[in-house]
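Undergrad: need coordinates for the below:
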Amino acid sequence: MRRIFAIIPIIFLILFTTYIKGTTKKFEKEIFNGKEELRIFKNKYELILLEHNYLTSPEKLFEYQKKYFDDELTMIEIENISSIKFEKKKLVINKFIQKKKHETKEQ
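TA: Next up, the predicted model:
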């Protein structure tokens, strides 16, 4: 009888420990996934912030042009920009911005 009273708490403790260990693993997995998602969002945020602060600012672009390129960069009209595509083994060149018909007649 004494053995039964000694074995029952031990079995209960083993089962309780197993349950706690499984629950802890589940929580650790959720925490790890959350940290990974947070890291990804931080990287995206830093890239977007970089783009916003440096790449989209006209003042910064002019500053970089003067600092790194001197007179190597020149302004061109946006109508002169074209895109090149390969379609069915043919080279297709399209204007980036199409002029309206009434604009071309006036010039």
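
Undergrad: spatially central residue for the chain, please.
TA: K44 (4.3 Å; C-alpha atoms, centre = their mean).

Undergrad: how far does the helix or strand it falls within sit from the chain's center?
TA: Secondary structure assignment for K44, by DSSP states H and E: helix 2-50. Centre-to-centre, helix 2-50 and its host chain are 28 Å apart (C-alpha atoms, centre = their mean, to the nearest Å).

Undergrad: so for it, mean pLDDT?
TA: Taken as a whole, helix 2-50 has a mean pLDDT of 92.

Undergrad: tell me what whichever helix or strand comes after that helix is packed against?
TA: Of the helices and strands lying after helix 2-50 in sequence (DSSP H and E), the nearest is helix 58-64. Applying 3 or more C-beta pairs under 8 Å, 6 or more residues apart in numbering; DSSP states H and E, we find helix 58-64 packed against no helix or strand. The way it works is simple: take the backbone N, C-alpha and C, and place the C-beta from them, glycine included.

Undergrad: which elements pack onto the following helix or strand past helix 58-64?
TA: Following helix 58-64 in sequence order, the next helix or strand is strand 82-87 (DSSP H and E). In terms of contacts (3+ C-beta pairs under 8 Å, 6+ apart), strand 82-87 is packed against strand 90-95.

Undergrad: can you list the neighbours in contact with the strand it packs on?
TA: E79, I81, S82, S83, I84, K85, F86 (C-beta atoms under 8 Å, 6 or more residues apart in numbering).

Undergrad: any idea of the pLDDT on the first one?
TA: Think E79. 79.

Undergrad: please tell me how far it sits from R39.
TA: Computed as C-beta to C-beta, to the nearest Å, the E79 to R39 distance reads 44 Å.
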